[in-house]
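**Q** A predicted structure for the sequence below; I have some questions about it.
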Amino acid sequence: QVRLVESGGGLVQPGGSLRLSCAASGNILSISTMGWFRQTPGSERELVARQSSGGVTDYEDSVKGRFAISRDNAKNTVYLQMNSLKPEDTAVYYCLADGVRTETSTTYGNWGQGTQVTVSS
């Protein structure tokens, strides 16, 4: 069973930085895509950034130039460096792993439990 554990959320002032981490475990051979989504109350979960195993990245327009996604494929871990944070970045951030290959299966839609990011003075 694939498990994703996120860390690194918290309270930060506008203009500050945070780094989120998400580690996947569960006898994993490879992961196709890892990414970050966020959700605020009453809104749908939206893509923030994602990266393929080959390094191709995709960012939501409002975070381009401020956030950077990276992966350590050997550790099955994805990171999200968030700089110049704004109050509108406040949300619960979720990690997603798609195309997770183990010896017995390939699964999609593997989500972490979420980590709260609050940007406020």
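**A** Structure's in. What do you need?
**Q** which residues touch the spatially most central residue of the chain?
**A** Centroid-nearest residue in the chain, with CA atoms, centre = their mean: residue 36, separated by 2.7 Å. By CB atoms under 8 Å, 6 or more residues apart in numbering, residue 36 lies in contact with 20, 22, 47-50, 69, 78, 80, 93-96. To be clear about C-beta, it is placed using only N, CA and C from the backbone, and glycine gets the same treatment.
**Q** let's see which of those end up in strands.
**A** 20, 22, 47-50, 69, 78, 80, 93-96 (DSSP state E).
**Q** turn those into JSON lines, including neighbour count and pLDDT.
**A** Output for the ones in strands among the contacts of residue 36, formatted as JSON lines (neighbours: other CB atoms under 10 Å; pLDDT from 0 to 100):
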{"residue": "20", "neighbour count": "23", "pLDDT": "98"}
{"residue": "22", "neighbour count": "26", "pLDDT": "98"}
{"residue": "47", "neighbour count": "14", "pLDDT": "98"}
{"residue": "48", "neighbour count": "23", "pLDDT": "98"}
{"residue": "49", "neighbour count": "23", "pLDDT": "98"}
{"residue": "50", "neighbour count": "19", "pLDDT": "98"}
{"residue": "69", "neighbour count": "21", "pLDDT": "98"}
{"residue": "78", "neighbour count": "29", "pLDDT": "98"}
{"residue": "80", "neighbour count": "25", "pLDDT": "98"}
{"residue": "93", "neighbour count": "24", "pLDDT": "98"}
{"residue": "94", "neighbour count": "20", "pLDDT": "98"}
{"residue": "95", "neighbour count": "26", "pLDDT": "98"}
{"residue": "96", "neighbour count": "20", "pLDDT": "98"}
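**Q** can you tell me which of those is nearest residue 113?
**A** Ranked by distance to residue 113 (CB to CB), these are led by residue 94 at 8.0 Å.
**Q** the strands in the protein, which residues?
**A** For the chain, the strands defined by DSSP E cover 3-7, 10-12, 18-25, 30-39, 46-52, 57-59, 67-72, 77-82, 91-101, 106-107, 110-111, 115-119.
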